[in-house]
Each structure stands twice: as structure tokens, then as C-alpha cells.
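S.K.: Sequence and predicted model, in that order:
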Amino acid sequence: MHQALLPRFVFAVTGFLLMLVLSGCAKKSAALSQSSLALKVALESQQNALAMLDRVSQTANKADSTKQVNHNTNVDIQNYLTGKRKEIHEITQKLEAAQQDLKDFGDKKSDRKEAEILANASRTVFESAEILRILEEKTKVIVDFLGSETFSKSEIGALFRPGEYRLIREQVREGQRLFGPVVEKLYIFANKYKNAFNSLKGQIIVTGYSDATAVETGSALYKDLAFKLLQSENLTEPTQPDLNRKLSELRAEAVKQLLERIIADRKKEHSNLIDITVQTLGRGEELPPGLTEEVLKNDKRRRVVTFYWVVLPNM
């Protein structure tokens, strides 16, 4: 469905007209006419590309608002689209200038030579077509990404013991089984574009959540979390939400370490396919996506990690 965002036909039409421009028409008037037509279609193609970028922008904003993609990913996409709009506006100005040169020559208002005007028009149309070709390749990946399921959630109550954030060997094996498919999704997606780009960049954003059960004051866990909060945030009197936030952050970090081991193993097989980084966030007692305020403070569904994955070309 999302592939409909890309107006592929405009590139083929532009390429066809480029051949006409360069075919060496016998009559000068025919050369001017074909060049004028090529410029006109190139301008139309640029306008179609702008409309396509607007549709992609709307799709990305909708995916952001429905939590299908991480907000920062949408920011990256919007920045990319803004840059491409600027690029299109610049080439549009060149096309319009070449178009005006042709008109001035036809109206005998120009002292420039016909060959020079035709050569400039031809170069500009070629430049226009190349911009659209690169735009299509990169935007196709973004459109495909926005049409994929990029969010998942895993309960971790069975993985981490109550009040713990470190994993023993058996839990590591279970964690690799649970979270390995997240990494695999990135490789499957990247494999579709392995011949189109030298490299793709991927990111997994791991967000940890905890329930709202109080950490007992004076307990070993309380002292451990309080010390870490003092070190990282200079909090001298942490609240219960602070403690649970830190606990969720540390659990997310443990999951990150698991993912990085899985990524390192996969990279041995596919070293140049994709570069993946892992980012962590701790949300503590905040409700994970999909839960409502009615859930109990100690509901196990609050003890989860969520994953957003991203695969995009270097933009």
C-alpha cells in the first residue's frame, strides 16, 4: 500500500525525453522544441516528487502519533524530507532558468548561442533526473520502513527476579531466545536493500518499565539504587518513582547487553549489511503502551521492555 507513495512513472518519462534531447535533431527548431518539452516534463516530475514527499511526511507523522515509530525516528525522517524539498526547489529554479533561456532565444532576446543554451538545458534535465533517482531509492526504504511493524513489547517478570536487574546464565539464554527475533527483523529488512546501498544504519530503542511496588527503605536494593542515582543524577533523597525508574533503566541496560551479543554474532556472518546500535530508556512507573490507568500497581504487565527498531539509509 505504501509503495503507492512513490510516483515511479515520472522517472521513466523524464529518461525517455532525455534521449530525445540528445538524439541530435536535424532541424534547430525541432531541437529547441524537444529541449523545451524535456524541461517541462522535468519540472512536472519535480512537482510530483514534492507531493510525494508531503505524503511520506504525513505518513511518518501519523506513525509517530500512533506510536508505530519512535518520535526521534520521525524527527530524522522529517529532517531528511526537508533537505530533499530544498534540493528540489534548487533544481526547479535551474530548470525554470533554462526554460527562460530557451524562451528568450526563441523570442530573439538573447545573444547566447543556441548550442550553449541546448547544452545547459540538457545538463540541467540530467541533473534533475539524477536527483529524482537518488530520491526514489532512499525514500523507498523509508516508505517500506513506515509500512512495517516496528514496535514490540515483552514482559520481563519471568526473566528478572523481583527487585533484580542482573541476569544469571540461564536467564541470559532465555533472554537471547526472547529478544533474538528483534535483531532478526532488522537483518531481514536490510537484506532487501543490500544491493542498493553500501550500508544501512539500524537502531533498537529499548525502553524499560516497572510496576509501582515500593522499594523497601533501607533494603539492599534501596541502597544500591539510591547510590546509582546519586552517582548518575546527584539525587540525594530519591523518591519511590525515582527508584523504580532507575530499576527499569538498569533492566533495559541488561537487555541491551543481550542484544549487543546477538548483534555481534550476526555481524560475523553479515559484516557489511547493516550497522546496528542499541539505545536504552527507563520509564519506571509510567504505563507501557497499551495499558490503561485501571491496572494495579503491581500488575505484571507493567514490568515490560518495549522495542522500537529502525532501519534507514544514511541520510
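M.R.: Yes, it's here. Residues are numbered from 1 along each chain as shown.
S.K.: and stretch 130-142, how far from the chain's centre?
M.R.: The chain centroid and the centroid of stretch 130-142 are separated by 14 Å under Cα atoms, centre = their mean, to the nearest Å.
S.K.: Can you get me a residue count around E164?
M.R.: Burial of E164 is recorded as 15 neighbouring residues (other Cβ atoms under 10 Å). Just so you know, the C-beta spots here come from the backbone N, C-alpha and C atoms, and that holds for glycine as well.
S.K.: tell me the SS of R283?
M.R.: Following DSSP: H, G, I helix; E, B strand; the rest coil, the label given to R283 is strand.
S.K.: State the distance from it to T306.
M.R.: Look at R283 and T306: by Cβ to Cβ, to the nearest Å, they are 9 Å apart.
S.K.: Residues that sit against both of these two, list them.
M.R.: Residues touching both R283 and T306 by Cβ atoms under 8 Å, 6 or more residues apart in numbering: 207, 209.
S.K.: dump the residue contacts of S232.
M.R.: By Cβ under 8 Å, 6+ apart, the contact set of S232 is empty.
S.K.: Apply 10 Å and report the result again.
M.R.: Taking Cβ atoms under 10 Å, 6 or more residues apart in numbering, we find S232 in contact with 246, 249.
S.K.: Which pLDDT value belongs to it?
M.R.: As predicted, S232 sits at a pLDDT of 92.
S.K.: what helix or strand is it on?
M.R.: helix 220-233 (DSSP states H and E).
S.K.: Mind checking what helix or strand follows that helix in sequence?
M.R.: Along the chain past helix 220-233, the next helix or strand (assigned with DSSP H and E) turns out to be helix 240-269.
S.K.: buried residues in that next one?
M.R.: Under the neighbour-count criterion of 16 or more other Cβ atoms under 10 Å, helix 240-269 has 242-256, 258-259, 261-263, 266 buried.
S.K.: Equivalent analysis for stretch 88-105, please.
M.R.: Using 16+ other Cβ under 10 Å as the test for burial, stretch 88-105 gives 88, 91-92, 94-95, 98-99, 101-102, 105.
S.K.: do the same with stretch 200-217
M.R.: Those would be 200-213, 215, for stretch 200-217 by 16+ other Cβ under 10 Å.
S.K.: Likewise for stretch 80-88?
M.R.: Buried residues in stretch 80-88 (16+ other Cβ under 10 Å): 80-81, 84, 88.
S.K.: circling back: tell me which two of the buried residues of stretch 88-105 sit farthest apart.
M.R.: Using Cβ to Cβ, the two most remote members of the buried residues of stretch 88-105 are I88 and F105, lying 25.9 Å apart.
S.K.: Show me where this protein has its helices.
M.R.: In the chain, the segments counted as helices under DSSP state H are 9-22, 28-65, 71-106, 114-146, 169-191, 220-233, 240-269.
S.K.: Dump those helices to TSV, plus distance to V310.
M.R.: Converted to TSV, the helices of the chain look like this (distance: least, Cβ to Cβ, whole Å):
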stretch	distance to V310
helix 9-22	27
helix 28-65	12
helix 71-106	5
helix 114-146	7
helix 169-191	8
helix 220-233	26
helix 240-269	14
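S.K.: which stretch among the ones you listed comes nearest I156?
M.R.: helix 240-269 (6.4 Å).
S.K.: Which strands or helices does that closest one pack on?
M.R.: Judged by 3 or more Cβ pairs under 10 Å, 6 or more residues apart in numbering; DSSP states H and E, the packing partners of helix 240-269 are helix 169-191, strand 200-209, helix 220-233, strand 274-284, strand 304-313.
S.K.: and the angle from the last one to helix 240-269?
M.R.: With axes from the mean of the first three to the mean of the last three Cα atoms, to 10 degrees defining the directions, strand 304-313 sits at 40 degrees from helix 240-269.
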